[in-house]
Structures are given as structure tokens and as C-alpha cells.
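In: what follows is a protein structure lacking sequence information:
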């Protein structure tokens, strides 16, 4: 099995900000100088998958994910990440079509994914919503 991960960044130029330009640049530098390491990615991906599928025998993350106070992924909140997406890509050329499911959830195609919003500011859109039409103020 192979693990690949990436960090996607999106800046909203229409977003009103309370930061000065220097504070904004400091924040951007802090984010890009504190990228997650593989063990952190594995930790948060495992928690997301457990919470999504809610397996019968694993109780740890079934009802408490995401939680900004959990030390394993508090960094993502502190650095102002706004979403976590887990994509599971089995090698579909080597296998017949695969459906991953439990009583509570299902991934039926390679285009299905698990996503959690992490941001706390209700006045700001998620980076995955930026392509939706803006509502007039």
C-alpha cells in the first residue's frame, strides 16, 4: 500500500480580513513552514476513516472527530486549515470494482471521498465552496 498526501492552499481575495499585511504574511509563512509529516497525516486520516465508517469494534474516533483539542490534529486548527479530505484509491486495474461500506457509510467509486470541515469561522467559506456563486451582501 502506498500513501500519498498533499496540502492545497486557497486564498480568498474578497474576504474581509482583520489582519495587517505583515500579520497575514507571518501567518502564511507559519503554515508553509509547519507542513504535516507523514505520521501526522496517517493519524488524522485514520481518525477520519474511523469516524466516517464507524466500525463496530473501534470506538476511539466514532463520535469525537474532528476535535480541535485532540493533540494529534490540533495543529490543523491552529494553522487555520479549513478542510480535511481522505481519498481512498485502490488499484482498480488490478481488482474488480470495490465498494467499501459499513452500516453507516459507503464509498462506491474512486470519485467518492471523505471530507470534514475544520474551520471555525462561520463568516468564511470553505475552500471547496469558493466556486459557488457569492450571495449579495
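Out: Alright, I've got the coordinates. The model shown is predicted, which means the values in this text are computed figures rather than measured ones. Numbering: from 1, shown residues only.

In: where's residue 40, which helix or strand?
Out: In the assignment (DSSP states H and E), residue 40 maps to helix 38-53.

In: residue contacts, the residue nearest in space to the middle of the chain?
Out: Centroid check for the chain by Cα atoms, centre = their mean gives residue 84 as the closest residue, at 0.2 Å. Counting by Cβ atoms under 8 Å, 6 or more residues apart in numbering, residue 84 makes contact with 44, 48, 66, 76, 115, 116, 118. Quick note: C-beta positions are derived from backbone N, CA and C, even for glycine.

In: for those residues, point out the one with the lowest pLDDT.
Out: Looking at the contacts of residue 84 by pLDDT, the weakest one is residue 118, with 77.

In: and the strands in this structure, which stretches?
Out: Along the chain, the stretches classed as strands by DSSP state E are 83-86, 100-101, 106-107, 114-117.

In: now those strands as TSV including distance to residue 34?
Out: Below are the strands of the chain laid out as TSV (distance: least, Cβ to Cβ, whole Å):
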stretch	distance to residue 34
strand 83-86	16
strand 100-101	32
strand 106-107	30
strand 114-117	20
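
In: right, and the ones you listed - which one's nearest residue 53?
Out: strand 100-101 (7.5 Å; Cβ to Cβ).
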